[in-house]
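[1] Sharing a model that was predicted from the sequence below.
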Amino acid sequence: MSPAALCGAASTLTAADVLGPPRPARVVAATRGALYLLVRGSAAPLALVAYDAVRVPSAVVLPRCAGLLAGTGPSTGPFAGLAVGRGGRVGGGRIAVGALRLTAGVWGGPAPPPA
């Protein structure tokens, strides 16, 4: 991994993909605030979300500083330049796609539903 790897907060629902053996993945959806990767052998996409984005229960949340790495504006942010079809790798506690490098440093369960 690159020394610039960021530490993400991962849902325990992502553990099979993130902690499993390293496998190829590809981007199946991309927005300014979220990136969805389909990891080979997994049925559901793995969501990578910006700190201030809407969070799904099975997501890896980027740290707040990730948005600062690429600046601000419509074509910037932590997922700038990562388009559908881009390849990556997930496993061994790491996620890599394009220049984005993450390690799973904090784990937690999904948030309970609102009352």
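    Arrived safely. Numbering: from 1, shown residues only.
[2] CA atoms for contacts and neighbours, from now on please.
    OK.
[3] so what's the most centrally placed residue in the chain up against?
    Nearest to the mean C-alpha position of the chain, by C-alpha atoms, centre = their mean, lies residue 48 at 2.6 Å. Each residue near residue 48 by C-alpha atoms under 8 Å, 6 or more residues apart in numbering is listed here: 34-37, 59-62.
[4] got CSV for the residues you listed, with pLDDT too?
    As requested, those are exported to CSV (pLDDT from 0 to 100):
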residue, pLDDT
34, 92
35, 94
36, 96
37, 97
59, 92
60, 93
61, 91
62, 89
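[5] Closest one of those residues to residue 93?
    Nearest to residue 93 among these: residue 60, at 11.4 Å, using C-alpha to C-alpha.
[6] element containing that closest one?
    Element membership for residue 60, per DSSP states H and E: strand 59-61.
[7] Same question for residue 35.
    Using DSSP H and E, residue 35 falls in strand 34-39.
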